[in-house]
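**Student:** next come a sequence and a model predicted from it.
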Amino acid sequence: MNLLSRFLKRIFYESKGATLIEIALYIALVVIVCITVVTTLGDKLQAVFQSIVDSL
């Protein structure tokens, strides 16, 4: 936990403004990619999990 708190402290308190903007943009990009993947593969994943449940 100490490592995580030091990492977060370094990011948010010791970073310059541009670095924080870059981090925010990376996070936004990851969120957009995750939403796109889940939306695209959602029906297929649901079918796979449903077949697993049915076989149990």
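**Tutor:** Thanks, I have the structure now. The structure displayed is predicted, hence computed values, not measured ones. Numbering: from 1, shown residues only.
**Student:** this protein: helices as residue ranges?
**Tutor:** 2-14, 17-55 (DSSP state H).
**Student:** from the contact counts, what lies against the lowest-mean-pLDDT helix or strand in the chain?
**Tutor:** Across the helices and strands of the chain, the lowest-confidence element by mean pLDDT, DSSP states H and E is helix 2-14, at a mean of 74. Applying 3 or more C-beta pairs under 8 Å, 6 or more residues apart in numbering; DSSP states H and E, one finds that helix 2-14 contacts helix 17-55. Quick note: C-beta positions are derived from backbone N, CA and C, even for glycine.
**Student:** what helices or strands is the helix it packs on leaning on?
**Tutor:** In terms of contacts (3+ C-beta pairs under 8 Å, 6+ apart), helix 17-55 is packed against helix 2-14.
**Student:** hmm, who's touching the helix it packs on?
**Tutor:** Helix 2-14 has contacts (C-beta atoms under 8 Å, 6 or more residues apart in numbering) with 19, 20, 23.
**Student:** can I get these in TSV with neighbour count and pLDDT?
**Tutor:** What follows is the contacts of helix 2-14, written out as TSV (neighbours: other C-beta atoms under 10 Å; pLDDT from 0 to 100):
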residue	neighbour count	pLDDT
19	11	74
20	12	75
23	13	83
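**Student:** got any ranges where the protein has weak pLDDT?
**Tutor:** Counting by pLDDT under 70, the chain contains low-confidence ranges at 1, 11-12, 14-18.
**Student:** just give me the neighbour total for residue 31.
**Tutor:** Look at residue 31: counted by other C-beta atoms under 10 Å, it has 10 neighbours.
**Student:** let me fix that, I meant to ask about residue 51.
**Tutor:** What residue 51 shows, counting by other C-beta under 10 Å, is a neighbour count of 10.
**Student:** ok, the one 5 residues further on next?
**Tutor:** With neighbours defined by other C-beta under 10 Å, the count for residue 56 comes to 5.
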